[in-house]
Structures are given as C-alpha cells and as structure tokens.
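*Asks:* Pasting the sequence and the predicted coordinates here, then a few questions.
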Amino acid sequence: MSGLTHMVVSETLMTMLTELGTVCAHVQKLLSQLEVEGLSNEQAAGILAELGAEVAHLQAHTDGFQEVINDEIEKL
C-alpha cells in the first residue's frame, strides 16, 4: 500500500486496505492451488475450506468498509 502513502488517508482506511490486500493475496494463492493437476479430493477439500474461511473473514471485516471509503472520498 506504499502507493497510498503520498495521499492523506485515514489510519482506519489504510488498515482495512492492507488487510484486504493480504486476504486477496491469500485467496489468489488458494485459487492457484486449485488449478494444480492431480489434487486429491482431500487436498481440494482443504483448499476449499480455506477459501470458505477467507470469504467469511472478508464478510466480517468489510462491514462498514464502503462508508470508510466514502468518507475518505469526501475528504479529497
């Protein structure tokens, strides 16, 4: 998120964006793992379970995210 450091961005928004980036990177890694040929059913189930956990994490931690973004836009 270093590209945002030149902007005046609230600490709350920076924290939320950093966490979003981390979660999205992990989701991308999991999606790549699903593309590996020869995965066993157990391996695929484990990856899907992790994806489900990340989706739940995103739902819980993005509540109010849009309002924080809108507040930041109004400050610009």
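*Replies:* It's in.
*Asks:* which parts of the longest helix belonging to the chain are buried?
*Replies:* The longest helix of the chain (DSSP state H) is helix 11-34. Buried residues in helix 11-34, counted by 16 or more other Cβ atoms under 10 Å: 13, 16-17, 23, 27, 30. Where you see a C-beta, it was placed from the backbone N, CA and C, and this is true even at glycine.
*Asks:* and of these, the nearest to Leu76?
*Replies:* Among the buried residues of helix 11-34, Leu13 lies closest to Leu76 (Cβ to Cβ), at 11.5 Å.
*Asks:* do you know how far that closest one is from Ile73?
*Replies:* Counting by Cβ to Cβ, to the nearest Å, the gap from Leu13 to Ile73 is 10 Å.
*Asks:* just to revisit the earlier point, give me the contact list for the longest helix of the chain.
*Replies:* Outside helix 11-34, the residues that touch it by Cβ atoms under 8 Å, 6 or more residues apart in numbering are 1, 4, 9, 39, 44, 47-48, 50-51, 54, 57-58, 61-62, 65, 68-69, 72.
*Asks:* How far away from the center of its chain is the helix or strand hosting Ala60?
*Replies:* Ala60 is located in helix 41-61, with elements delineated by DSSP states H and E. Relative to its chain's centre, helix 41-61 lies at 12 Å (Cα atoms, centre = their mean, to the nearest Å).
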